[in-house]
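K.L.:
Quick one, fold the following:
(chains A and B)
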Number of protein chains: 2
Amino acid sequence: MTGLYETLKASTLAQQRAAIRSGVYRSHTAGLGKGCLQANLAIMPEDYALDFMRFCQRNPKPCPLTGVSDTGNPMMFTMGRDIDIRTDVPAYNIYRDGRLAASVNDITSVWRDDLVVFALGCSFTFEDALMRAGIHVWHIDNDKTVPMFRSNIETVPAGPFSGKMVVSMRAIPEARIAEAVEISRRFPLAHGAPVYWGDPAGIGIEDISRPDWGDPAPVGAGEVPVFWACGVTPQVAIEAARLPLCITHKPGHMLITDVAEDAEVPVLTFTTDATNIQ
Amino acid sequence: MTGLYETLKASTLAQQRAAIRSGVYRSHTAGLGKGCLQANLAIMPEDYALDFMRFCQRNPKPCPLTGVSDTGNPMMFTMGRDIDIRTDVPAYNIYRDGRLAASVNDITSVWRDDLVVFALGCSFTFEDALMRAGIHVWHIDNDKTVPMFRSNIETVPAGPFSGKMVVSMRAIPEARIAEAVEISRRFPLAHGAPVYWGDPAGIGIEDISRPDWGDPAPVGAGEVPVFWACGVTPQVAIEAARLPLCITHKPGHMLITDVAEDAEVPVLTFTTDATNIQ
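P.N.:
Residues are numbered from 1 along each chain as shown, chains lettered A, B, ... in the order given. The predicted model follows:
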C-alpha cells in the first residue's frame, strides 16, 4: 500500500475519497485530508442514540461530538458535500452484542433504516498544532501508535454508557507544558487541553512503559508524561454496553471530512450570500 | 423587587438559589451568580429529545448545549451539586402545541417522567468578557434588553426543528471588531464569535432601529452593527415545531449553574484525588 499511500498523500481530497469509496485504498488516514478534520465513528441503532449523545455531551473531552446523522440517512451532510458513511471510511469494525464480529471495508450490506451515525473529533488536529509550534510528538516522529492507558478517571454515565476514561500519553519537555496546554485547549473538538500530567500513578496508571493500547513511548530526561482524553473511551463504553449492533471505524482508519481542521464549528452550512458570514 | 435584587447580588450562590427555590425571588438573573455560567432552558418530552439534540449539535452557535438531563430526572447533576430544575429557575413559560399556555414560578406540578431538560449557554459570558476588555455594551450600560432580529440565515434542520437564525446586535467601534471577534470566539458555549457584521441588509434585516425582540439600540458614529447568534433561535424553532408540551425559562430569568463561566467544559465531574486533573 505504501506506493498508493504516497500517491494519495499528494492527491486532492476528492481523489482520496474516491480511492477510499471504490475500495482501492483500505489503509490508515494519517497524513491524508491535509487541513481537514478527521473523525472517529460510532454507528448504532436509534434506540441507543439519545443516551449515547448524552454520554458525549457529558464527557466532551474524550467524546467531542462533531456530527450526527439523521436516523437512517448515511449522508453526513453537515460535515461534507458528498460523504456516504457506508463507503467513505477505509475500514470498519462491526460489533454484535459487544463483541467484534467482522472487519470490513464497506458497510452497505449491513446498513439499516434505524441507524444513527456519530462522528467524534480526534487527536490529529491538536498534534498538528503542537508540531507547528515546534513541540515534538514522539510517536509521530517514530511512526508508532500513541500509547493509550485505562485511567482511574470515571466518565459521567448516561444510560448504558459508562466506564473509566482512556487517556493517550505524549511526553512534553517540562518547560513547554503550559504552552502545550494552551495550544490544545484551543481545539475542543480534538479533546482540548490535557486532563492530567505528572506521576502516572496519580490517575491509576501503574506502568507507563506498558500501554493498554498502542505502542510504548519513552519519557526522556526533563520531560513529563502528559495525558489527553482519548477517543478509545467511547469505544470501551460502547463495548461494555453490549449493543446488539455497533459499527466503528477501524482504529487509525478515520472519516476524512470537508470541515476545516481549525473551523470554529464543525458544520458546513450557512446558506446566504452575505460575505461576512462566519 | 429592587431591594431584594440588590441584597441577593451581594449574597452567595447558595443564598440566591434558596431565594429562587422558595419562590421569594422571581425576577431576572442578570448580575447574579457572579462568575458562574447561566443557561437558557428547553424542557420537552423524550420523543423529541434526539431531534432537538441533533438540532443543537448542527447549530452550535445559536444553540450551545451545556447540559442534558436524564429522562425524567429533574436534577441537573452535571451542572450543579443540587439543582432541581422544577424550582431553581425564577420563572418559566409553558407552551402547549406551540402556544404560550402559562407563565409560572415552579413546574413541580407539570413535571413528568418522560421529560428531558436541555440547558443552553447564553450571551452573559461573552458580554462580561467584552466589558472586561473595555468594550462597552450599550444595552447593559443603559439597562435595556439586547436588540434581537430574525435574520435570513437558515439553521440546519433536524426532525421537526428548523427556521431562520435569530441574531442579537451589539454596536462595536470599527477599530475593535477584530478584538471583539477574538474575545467572543473563546466562548463557544456562549454563542462564540459573531456570525456577521456590517450592513444589516446583508442578512435580511431591513430596519436596525426596529428589533423583532428586545429594545432598539443606537449604532454610533464610527461603530458597526455586529451580530451574534442568539438563544431565541431554538425557542422559535421549538414554537414552530408545535410540541404538545415544552417548558422554557422566561427570557432573562435563567438557570444559574455551579459551572465556572470560563470552564473548559460545562461539566462538574472528575472523580479522582489527583491534583492535576483539569
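
K.L.:
Around chain B, which positions in the stretch 1-150 of chain A sit nearby?
P.N.:
Selection of the stretch 1-150 of chain A residues close to chain B by C-beta under 8 Å from any C-beta of the partner chain yields A:46, A:49-50, A:53-54, A:57-61, A:65, A:67-68, A:70-71, A:78, A:116. Heads up, the C-betas are built off the backbone N, CA and C, glycines and all.

K.L.:
Sort out which of those residues are buried, if you could.
P.N.:
The neighbour count (16 or more other C-beta atoms under 10 Å in any protein chain shown) marks A:49-50, A:53-54, A:57-61, A:65, A:67-68, A:70-71, A:78, A:116 as buried among those.

K.L.:
Identify those among those residues that sit within strands.
P.N.:
Those of these mapping onto strands are A:65, A:67-68, A:116, per DSSP state E.

K.L.:
Could I get the full set of helices for the stretch 151-278 of chain A?
P.N.:
Taking DSSP state H, counting those that start in this stretch as the criterion, the stretch 151-278 of chain A carries its helices at A:177-185, A:232-241.

K.L.:
which SS state does the closest residue to A:Ser184 other than its chain neighbours fall under?
P.N.:
Nearest residue to A:Ser184 in three dimensions, chain neighbours excluded: A:Phe126, at 4.2 Å (C-beta to C-beta, 6 or more residues apart in numbering or on different chains). Following DSSP: H, G, I helix; E, B strand; the rest coil, we place A:Phe126 in the helix state.

K.L.:
Hmm, A:Phe126 is touching A:Val181, no?
P.N.:
No: A:Phe126 is not in contact with A:Val181 according to C-beta atoms under 8 Å; the separation is 10.6 Å.

K.L.:
neighbour-wise, which of these two wins?
P.N.:
Using other C-beta atoms under 10 Å in any protein chain shown as the criterion, A:Phe126 and A:Val181 rank with A:Phe126 on top: 27 against 16.

K.L.:
Quick check: that one vs chain B, distance?
P.N.:
13 Å (C-beta to the nearest C-beta, to the nearest Å).

K.L.:
Just give the number of residues close to whichever residue of the stretch 101-250 of chain A sits closest to chain B.
P.N.:
Closest approach of the stretch 101-250 of chain A to chain B (C-beta to the nearest C-beta) occurs at A:Gly202, with a separation of 3.9 Å. Per other C-beta under 10 Å, the neighbour tally for A:Gly202 reads 18.

K.L.:
Could you report the pLDDT at it?
P.N.:
pLDDT recorded at A:Gly202 is 97.

K.L.:
That one touches A:Val195, doesn't it?
P.N.:
No: A:Gly202 is beyond contact range of A:Val195, at 10.9 Å (criterion: C-beta under 8 Å).

K.L.:
Roughly how far does the closest residue to A:Asp84 other than its chain neighbours sit from A:Leu115?
P.N.:
Excluding the flanking residues, the one nearest A:Asp84 by C-beta to C-beta, 6+ apart is A:Pro74, at 5.4 Å. Separation of A:Pro74 from A:Leu115 (C-beta to C-beta, to the nearest Å): 8 Å.

K.L.:
cool, A:Ala180 as well?
P.N.:
Per C-beta to C-beta, A:Ala180 is found 38 Å from A:Leu115.

K.L.:
Quick check, central residue of chain A?
P.N.:
Geometric centre of chain A, nearest residue: A:Cys122, 3.1 Å, by C-alpha atoms, centre = their mean.

K.L.:
backbone phi and psi for that one, please?
P.N.:
Dihedral angles of A:Cys122 (phi, psi; degrees, to the nearest 10) stand at phi -130, psi 170.

K.L.:
hang on, it packs against A:Ala190?
P.N.:
Yes: A:Cys122 lies in contact with A:Ala190 (C-beta under 8 Å); the separation is 6.5 Å.

K.L.:
All the strands of chain A, in order from the start?
P.N.:
Assigned by DSSP E, chain A shows strands spanning A:36-45, A:65-68, A:92-96, A:99-104, A:115-121, A:148-154, A:164-173, A:196-197, A:223-229, A:246-249, A:255-260.

K.L.:
Let's have those in a markdown table, adding distance to B:His253 and mean pLDDT.
P.N.:
Listed next are those as a markdown table, based on distance: least, C-beta to C-beta, whole Å; pLDDT from 0 to 100:
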| stretch | distance to B:His253 | mean pLDDT |
| --- | --- | --- |
| strand A:36-45 | 37 | 96 |
| strand A:65-68 | 29 | 97 |
| strand A:92-96 | 45 | 96 |
| strand A:99-104 | 50 | 96 |
| strand A:115-121 | 34 | 97 |
| strand A:148-154 | 34 | 96 |
| strand A:164-173 | 36 | 97 |
| strand A:196-197 | 38 | 97 |
| strand A:223-229 | 35 | 97 |
| strand A:246-249 | 41 | 96 |
| strand A:255-260 | 36 | 95 |
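
K.L.:
Tabulate these (JSON lines), appending distance to B:Val110.
P.N.:
Compiled in JSON lines, the strands of chain A are given as follows (distance: least, C-beta to C-beta, whole Å):
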{"stretch": "strand A:36-45", "distance to B:Val110": "31"}
{"stretch": "strand A:65-68", "distance to B:Val110": "29"}
{"stretch": "strand A:92-96", "distance to B:Val110": "41"}
{"stretch": "strand A:99-104", "distance to B:Val110": "44"}
{"stretch": "strand A:115-121", "distance to B:Val110": "30"}
{"stretch": "strand A:148-154", "distance to B:Val110": "34"}
{"stretch": "strand A:164-173", "distance to B:Val110": "37"}
{"stretch": "strand A:196-197", "distance to B:Val110": "43"}
{"stretch": "strand A:223-229", "distance to B:Val110": "38"}
{"stretch": "strand A:246-249", "distance to B:Val110": "37"}
{"stretch": "strand A:255-260", "distance to B:Val110": "40"}
